[in-house]
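**Q** Generate coordinates for the sequence data below:
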Amino acid sequence: MPTIVIDSLPESAHKYRDDWAIVVVDVLRFTTTATTALALERRVYPAGTVDRAYEIAEHFANPLLAGELGGSVPYGFDMTNSPVQIVAHSEIPCGGFTSADRPIVLVSSSGAQLLSNAADAEYVYLACLRNISAVSRHLADRHTKVAILGAGSRGVFRREDQLCCAWIAARLQKFGFECANRESAKLTDYWKDQSVDVIRLGKSAEYLTNTGQVHDLEFVVHYQDDLDVVPRLNEDGLLVDAVKESGAAVANT
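**A** Take a look at the predicted model:
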């Protein structure tokens with residue numbers, strides 16, 4: 001029987017690296033930013049630390065350093081971890097480059113660290129509220145063991161990540177998957193019919209509002225299930241669209 005489990009926090013990744021397809025969820029804002037950038041056909045290299053981000057950046061002539069740690073933009077970075085800023089930046093020429101020429105090196109406090117911890121797994125995907133259905137379909141067609149992991153923050157499984165994880169799990173249940181444990185089933189049952197507006201009541205939403213970044217909160221609430229993009233981490237540390245890769249494979253057979 002196909003199985004799903006919901007878990008949280010970066011340290012949880014090690015439990016699922018051997019034989020599970022891992023889905024990383026960090027709705028506010030890492031996975032939303034990364035998915036949005038990939039939909040804009042940007043190259044995205046996630047980094048678990050600032051030092052790693054600078055190591056990756058050294059391989060490119062004009063990279064875009066984006067991200068935050070503890071809510072602060074690291075020294076020397078171009079912008080914070082923001083889907084709105086990524087969209088706004090998409091047409092800006094810089095030093096003879098269009099933005100599409102500039103690979104994005106993306107760091108975050110929790111999501112990028114969770115992704116880094118999961119990187120040794122054979123299949124690692126990213127999900128946010130923008131690609132719920134696309135991710136669910138892709139997983140259902142290819143995997144029988146799926147671990148949906150919320151990034152969390154300061155040891156807390158945030159409500160926006162619980163919501164996203166549960167929405168994916170509920171869709172997978174319609175494809176015949178069952179929850180692996182009682183906690184996963186309880187989370188799915190509780191959140192699967194909740195409105196996206198519950199995000200506004202969380203600590204992450206409060207932080208974005210209080211720091212003048214409410215535009216990212218409104219972006220996340222507004223754009224739901226509108227992208228047929230499934231980010232997957234490849235062996236080179238690059239996020240690729242698994243949907244396009246699968247289409248190319250089919251076209252070449």
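**Q** next structured bit after the lengthiest helix in the chain?
**A** Longest helix of the chain, by residue count under DSSP state H: helix 159-174. The helix or strand immediately downstream of helix 159-174 is strand 178-179, counting by DSSP states H and E.
**Q** Just list what that next one packs against, helices and strands only.
**A** With contacts taken as 3 or more Cβ pairs under 8 Å, 6 or more residues apart in numbering; DSSP states H and E, strand 178-179 sits against strand 3-8. Quick note: C-beta positions are derived from backbone N, CA and C, even for glycine.
**Q** Show me where the stretch 101-250 of the chain dips below the pLDDT cut-off.
**A** Along the stretch 101-250 of the chain, the parts satisfying pLDDT under 70 run over 247-250.
**Q** And the strands in it, which stretches?
**A** Using DSSP state E, counting those that start in this stretch, the strands of the stretch 101-250 of the chain run over 104-107, 124-127, 145-150, 178-179, 231-233, 239-241.
**Q** Now do the buried residues in stretch 108-127.
**A** In terms of neighbour count (16 or more other Cβ atoms under 10 Å), stretch 108-127 has its buried residues at 108-119, 121, 123-127.
**Q** Need phi/psi at the most centrally placed residue in the chain.
**A** For the chain, the residue nearest the mean C-alpha position is residue 31 (2.2 Å; Cα atoms, centre = their mean). Here is the backbone geometry of residue 31 (degrees, to the nearest 10): phi -70, psi -30.
**Q** and it, what does it touch?
**A** 24-25, 111, 126-128, 151, 231 (Cβ atoms under 8 Å, 6 or more residues apart in numbering).
**Q** What is the neighbour count of residue 218?
**A** 15 (other Cβ atoms under 10 Å).
**Q** before we move on, what about residue 142?
**A** Neighbours around residue 142, by other Cβ under 10 Å: 12.
**Q** My guess is it contacts residue 21. True?
**A** Yes - counting by Cβ atoms under 8 Å, residue 21 is a contact partner of residue 142 at 7.4 Å.
**Q** shared neighbours of those two, anything?
**A** Both residue 142 and residue 21 are in contact with residue 123, where contact means Cβ under 8 Å, 6+ apart.
**Q** And the helices in the stretch 1-150 of the chain?
**A** Applying DSSP state H, counting those that start in this stretch to the stretch 1-150 of the chain gives helices spanning 30-39, 50-57, 83-89, 111-118, 132-142.
**Q** packing partners for the second one?
**A** Counting by 3+ Cβ pairs under 8 Å, 6+ apart, the packing neighbours recorded for helix 50-57 are strand 44-47, strand 64-67, strand 104-107.
**Q** Mind listing residues that contact that helix?
**A** 45, 47, 63, 65, 67, 69, 74, 76, 105-107, 116, 237.
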